[in-house]
Each structure stands twice: as C-alpha cells, then as structure tokens.
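Engineer: The following block contains a protein sequence and its predicted model.
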Amino acid sequence: MAASTGMAGTYIRVETDGPVATIRLNRPSFSGVDPRLPEEMISAAALVGEDPGVRAVIVYGNRRIFATGADPRDMGGRSPAAVNAHTRLLHAGFDAIAEIPKPVVAAIAGFALGGGLELALCADYRVAGEGAVLGLPETDLGIIPGTGGTQRLPRLIGPGPAKKLIFNASRITATEAVTLGLVDETVPDTEVRSAAQRLAEHFAGRPTAALAAAKRAIDGGFGRPLGVGLDLEREEFAGLFSECTTDRPRPAHRTTAPRHSSTTGRPAPASPTGS
C-alpha cells in the first residue's frame with residue numbers, strides 16, 4: 001500500500017501506510033524559538049492518536065540524522081521568563097508525542113543529539129542504526145537539557161548513568177546505548193526504517209485497546225507509590241471489559257454459569273474446542 005500524507009508542516013509531516021503512521025521530521029535541526037514546532041508536534045500527535053485506522057507510530061528523521069535539537073543561540077538575548085514560556089510550549093509538544101495512545105517506535109539513523117535524543121526518549125521503543133551517535137551535549141554549552149532529558153533519561157536508564165551522560169556531555173554509540181538500556185536494538189544503518197516498520201506492523205497487529213491501557217498504566221504509575229500504580233492498573237484492567245471496547249479480550253476464566261448435563265445435573269465436560 002502506498003503511503004499517504006495526512007499532514008505537511010514546516011517541521012513535521014505525517015505519512016500513513018496501512019495501520020502504521022510515520023511522524024517524519026522535515027528539519028532534523030529544530031528551531032529553539034519558532035512556536036510552529038511544538039504546534040506541529042501537538043497536531044501530528046493528535047492526528048495519529050485519534051485516527052482509528054492508525055494502530056502504531058514511527059518517528060523518523062532521515063538516513064543521516066534523526067534530529068539534533070535546537071541551537072541554544074536561538075534563545076540568546078532572551079529573558080529567563082521568555083525562555084521559560086517557550087520551553088513550556090516545547091514541553092507540551094514533546095509530551096503530546098509521549099502520550100500518543102499507541103505504540104511509538106523511534107527509528108534512529110545517524111545523529112540523535114540534544115532535543116533529538118529527548119524526542120527519541122518520548123517513544124516506547126527505540127531502534128538505532130549501528131552507526132548512530134546519541135547524546136545530550138548541553139552542559140558543554142553551559143546549559144542543561146531543556147525538553148525532558150533530565151527527567152525521561154534517568155527514568156529509562158537510572159539516575160547514575162543519566163548523570164554521567166549529562167555531566168560529561170557524552171556522545172555514545174548505538175552499541176553503548178543498548179548496553180545502557182537507552183536503545184532497545186541495533187540494526188545495520190540501511191535497515192533502520194524497514195526494521196522500525198516491521199516492528200510497528202507487529203504492534204499494529206496486537207489489540208489496540210490493551211496496548212493503550214498498558215501504556216497508560218506503565219507510564220502513569222512509574223515513579224509513583226505502588227498503591228497509586230496498582231489503583232491505576234486496576235482501573236485500566238477493568239475498563240477493558242467495557243461493552244464499548246471493540247477489541248476487548250476474551251477472559252481466560254469462565255464468566256457465565258457452567259453448562260449442566262440434562263441427565264445428571266452436573267457440569268458437562270468441555271468439548272475439545274472449549275465451546
């Protein structure tokens with residue numbers, strides 16, 4: 001099936017191929033001040049999130065660069081209040097990608113630095129080319145990661161390794177990223193897009209409502225008291241039995257009264273098919 005374009009913005013376009021949508025980064029180097037970037041991220045997330053035909057999502061730049069984030073010089077001369085206000089907009093855009101209620105795969109080819117790596121951290125699964133380079137170089141510039149790096153990275157790999165990467169502004173290879181748990185798998189550089197497509201198609205074949213509920217439960221409960229997380233899990237679990245859920249699971253346990261034999265009044269043995 002040929003891919004169709006559902007959105008074409010300055011920074012982002014959305015391409016749909018069957019049940020898989022790709023959020024494609026037109027400009028791998030982000031603007032640090034243009035409000036169209038977070039606006040387009042929010043629009044793209046809403047488009048793929050609300051489309052019932054889309055069941056999995058890929059985030060991809062190009063064969064040489066996933067994304068390298070913004071140039072901090074773009075914000076030079078701005079007041080702390082102005083920087084704070086624009087960063088709030090960027091957070092809303094990144095959060096929108098992270099909260100897409102479907103599996104999201106980051107296909108990382110080439111460089112994923114600064115805001116580019118922070119965007120990859122918003123995905124549920126990360127596939128990287130063997131030649132990929134990842135890092136958060138902000139401290140070399142006298143600042144810190146500003147679009148989620150200090151929060152999402154330690155939640156993924158732990159605070160110690162995250163501090164080491166951020167304090168040293170380290171650039172690491174895809175192999176090193178797999179060892180840290182930052183990347184889930186590596187593939188040859190020429191196969192990044194196709195590997196992500198195969199993985200997204202696999203997720204697309206899974207029950208949509210169940211995966212969305214699992215994502216909400218895991219993301220919503222992480223870092224919170226166990227009791228809060230268990231309450232959230234229970235609510236999500238129970239919600240999957242709603243009559244409104246079109247692809248709800250068939251419970252493994254019996255939910256109706258057992259059939260009885262007309263002669264003995266005892267439960268009749270199950271048929272070989274379980275029906």
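Structural biologist: Looks like it arrived, so ask away.
Engineer: quick one: the helices in this protein?
Structural biologist: 36-50, 80-98, 115-120, 149-157, 159-168, 174-180, 192-204, 208-221, 226-239 (DSSP state H).
Engineer: Deepest-packed of these, please.
Structural biologist: For the helices of the chain, the largest average neighbour count (mean count of other CB atoms under 10 Å) is found in helix 115-120, namely a mean of 28. Quick note: C-beta positions are derived from backbone N, CA and C, even for glycine.
Engineer: Spit out the contact partners of R216.
Structural biologist: Contact analysis of R216 by CB atoms under 8 Å, 6 or more residues apart in numbering lists P101, L232, E236.
Engineer: Which residue is the nearest non-sequential neighbour of the last one?
Structural biologist: What sits nearest to E236 in space, not counting adjacent residues and going by CB to CB, 6 or more residues apart in numbering, is A213, at 4.1 Å.
Engineer: Kindly report the same for the first one.
Structural biologist: In space, P101 comes closest to A212 once its chain neighbours are excluded; the distance is 4.3 Å by CB to CB, 6+ apart.
Engineer: Give me the pLDDT value at the one you found.
Structural biologist: pLDDT, A212: 96.
Engineer: on that earlier part again, for N26, which of the helices of the chain is the nearest?
Structural biologist: For N26, the closest of the helices of the chain is helix 36-50, at 9.1 Å, according to CB to CB.
Engineer: now, among the contacts of R216, which is nearest to A195?
Structural biologist: Of the contacts of R216, the one sitting nearest to A195 (CB to CB) turns out to be P101, at 23.3 Å.
Engineer: how much space between that closest one and L47?
Structural biologist: 13 Å (CB to CB, to the nearest Å).
Engineer: And the residue nearest to E236, how close does it get to A106?
Structural biologist: For A213, the distance to A106 - CB to CB - is 22 Å.
Engineer: what about stretch 135-143, average pLDDT?
Structural biologist: Rounded mean pLDDT across stretch 135-143 is 94.
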